[in-house]
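Enquirer: A predicted structure for the sequence below; I have some questions about it.
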Amino acid sequence: MPKVHIIAVGGAVMHNLAIDLAGLGCEVTGSDDEIYEPALSRLKAHGLLPQQIGWHPEKISDDLDYVILGMHAKKDNPELILALSKGIPVYSYPELIYNLSKDKKRIVIAGSHGKTTITSMILHVLKKNILDFDYVVGAQIEGFDKMVKISDAHIIVLEGDEYLSSPLDPRPKIHHYHPHISVLTGIAWDHINVFPTYVDYLKAFSDYLHLIEKNGSLIYNQNDGEVVSLVKQTKDIVTIPYDGLTRDDGKSAVLYDGKTYPISVIGNHNLSNLAAAMQVCKLVGISEDVFLTSVSDFKGAAKRLQQIKNTEQKAIYLDFAHAPSKVLATTQAFKSWFGNKKLCAVFELHTFSSLDEKFLPQYKSTLHAAEKAIVFVSKHTLLMKNKPFLDEEMIKNAFQHPNIFVFYEKDNLVAELKNPQFEDYNVLLMTSGTFDQLDYQTL
């Protein structure tokens, strides 16, 4: 079996890939300059945690079969430089995943939002119906012990990220996969550090649609104008529109074909996600009735409207929302689902785009569905991403919420959320980070 070294092994997908490759019998080593939970404990449990944090060129031995390069590394990484000088093959993880799945039916979930949730819904239903499949998903899912699985299964389900593949490979990850079945959920400008204009961002998806295998199927959101425009430019593929399922008024259930099916997720956008996942499962032989019955106990992927607490008095949920469109949609969906209950929306600026002074105004009015808004900025994140300090007034002017507060320290944020005057508020936490390693149960 191959001998593999992973540069930036602490990433969400990267550490899961390390665990899966080791499980297949590969000899796997890794390195990183930062490894946080849950990657740290999971790598340790599998005997894959680097003995020392940092980059160690001595790990790049001549007998390596290949190196996998994560986005957290930089072009001047000493391990990468040595691997290239030795002529050792260096792959991004999407490039490797494609090479390992050339003979499989590839199902890719793409778009600016909803990717993880739709992918997770599909995996949940496939597993309940005892179908054999491989997968790559960007969050931990209940009932699955890892986020990556590669085997001899004939189907692979991939969450399709449009971000760059690696420091050496500027192609969007989705451009590697060449799907037979794809979902396109929606398009809203994101990743300003990679796609400096909206036109650049749109092109990533336009090019992707032309990489779908001939006679493949594209399941697309008929309510997104940009998606519809791109679909009209496609050829040699089957296009299937989807809309949101219908909620049984006031209940945690949907109505379909004259029947009522209970669901465990909340939010109108999840009704749309369910519709997309149902169409994918239909194409692999699972009927709508079996899908809706099977998905009833799906509670969501980690950090995708993940329930922290939900009682008659208070609901606290955590979501991965970070781009302006996602923050707006998640806040509105959460507020509408719980009716007249007051809402405190808490958003962490964490991505390169959100920490960019020029991009900040894109967040105007995104938190307006909430009666109270809090924006959190981690000083550690600013340091690690080499971004300048963002002034409180600048942030407030960007969001333009009438009742907004800005915090830079985790302890101050927690103290504010525990203030008795907000006891009757629901709390929605939104971040692609961790609020400086906040233990959400303390709330």
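Expert: Ah, there it is.
Enquirer: okay, now the domains of this protein?
Expert: Following automatic domain parsing, one gets these domains for the chain: 3-88, 96-297, 306-442.
Enquirer: after whichever helix in the chain runs longest, next one along is what?
Expert: Longest helix in the chain, counting residues (DSSP state H): helix 268-283. Per DSSP states H and E, helix 268-283 leads on to helix 288-294 as the next helix or strand towards the C-terminus.
Enquirer: tell me how far the very next helix or strand once past that next one lies from the chain's centre.
Expert: Per DSSP H and E, the first helix or strand lying C-terminal to helix 288-294 is strand 306-310. Distance of strand 306-310 from the chain centroid (C-alpha atoms, centre = their mean, to the nearest Å) equals 19 Å.
Enquirer: now strand 306-310: average pLDDT?
Expert: Averaging pLDDT along strand 306-310 gives 83.
Enquirer: ok, stretch 132-149 next?
Expert: For stretch 132-149, the mean confidence score works out to 90.
Enquirer: poorly predicted segments of the protein, please.
Expert: For the chain, residues meeting the criterion pLDDT under 70 lie at 302.
Enquirer: so what's the residue lying farthest from the centre of it up against?
Expert: Going by C-alpha atoms, centre = their mean, the residue of the chain most distant from its centre is Asp62, 35.4 Å out. Asp62 is in contact with Lys86, counting by C-beta atoms under 8 Å, 6 or more residues apart in numbering. Just so you know, the C-beta spots here come from the backbone N, C-alpha and C atoms, and that holds for glycine as well.
Enquirer: same check, this time on Glu423
Expert: By C-beta under 8 Å, 6+ apart, the neighbours of Glu423 are 313-314.
Enquirer: now it: how far from Lys341?
Expert: Distance from Glu423 to Lys341, counting by C-beta to C-beta, to the nearest Å: 12 Å.
Enquirer: now Met394
Expert: 31 Å.
Enquirer: ok, Lys86 next?
Expert: According to C-beta to C-beta, Lys86 stands 60 Å off from Lys341.
Enquirer: those two: which is more packed in?
Expert: Between Lys86 and Lys341, Lys341 has the larger neighbour count (other C-beta atoms under 10 Å), namely 15 against 12.
Enquirer: which residues of the stretch 151-300 of the chain fall in strands?
Expert: With strands called from DSSP state E, counting those that start in this stretch, the stretch 151-300 of the chain shows them at 155-159, 164-166, 169-172, 181-184, 217-221, 238-242, 246-247, 253-256, 259-262.
Enquirer: go through those strands and pick out the most buried.
Expert: strand 181-184 (a mean of 27; mean count of other C-beta atoms under 10 Å).
Enquirer: just the residues contacting that strand, thanks.
Expert: 105-111, 118, 160, 205, 209, 212, 216-221, 227, 230-231, 276, 279-280, 283-284.
Enquirer: show me where the stretch 51-200 of the chain has helices.
Expert: 78-85, 93-100, 115-128, 198-209 (DSSP state H, counting those that start in this stretch).
Enquirer: please state the offset of the longest one from the chain centre?
Expert: When C-alpha coordinates are averaged (C-alpha atoms, centre = their mean), helix 115-128 and its chain have centres 13 Å apart.
Enquirer: that helix - contacts with which helices or strands?
Expert: In terms of contacts (3 or more C-beta pairs under 8 Å, 6 or more residues apart in numbering; DSSP states H and E), helix 115-128 is packed against strand 105-110, strand 155-159, helix 268-283, helix 288-294.
Enquirer: how about the CA coordinates for that helix, as PDB?
Expert: Extracted in PDB, the C-alpha atoms of helix 115-128 (Å, rounded to 0.1, in the frame of the first residue of the first chain):
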ATOM      1  CA  LYS A 115     -24.100  21.900   0.300                       C
ATOM      2  CA  THR A 116     -23.300  20.200   3.500                       C
ATOM      3  CA  THR A 117     -26.900  19.800   4.600                       C
ATOM      4  CA  ILE A 118     -28.000  18.300   1.300                       C
ATOM      5  CA  THR A 119     -25.000  16.000   1.200                       C
ATOM      6  CA  SER A 120     -25.700  14.900   4.700                       C
ATOM      7  CA  MET A 121     -29.400  14.300   4.000                       C
ATOM      8  CA  ILE A 122     -28.500  12.100   1.100                       C
ATOM      9  CA  LEU A 123     -25.900  10.100   3.100                       C
ATOM     10  CA  HIS A 124     -28.400   9.700   5.900                       C
ATOM     11  CA  VAL A 125     -31.100   8.200   3.600                       C
ATOM     12  CA  LEU A 126     -28.600   6.000   1.700                       C
ATOM     13  CA  LYS A 127     -27.300   4.500   5.000                       C
ATOM     14  CA  LYS A 128     -30.800   3.900   6.300                       C
END
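Enquirer: buried sites along that helix?
Expert: Within helix 115-128, the residues that count as buried by 16 or more other C-beta atoms under 10 Å are 115-128.
Enquirer: just those residues now: which is nearest Phe144?
Expert: Among these, Leu123 lies closest to Phe144 (C-beta to C-beta), at 6.8 Å.
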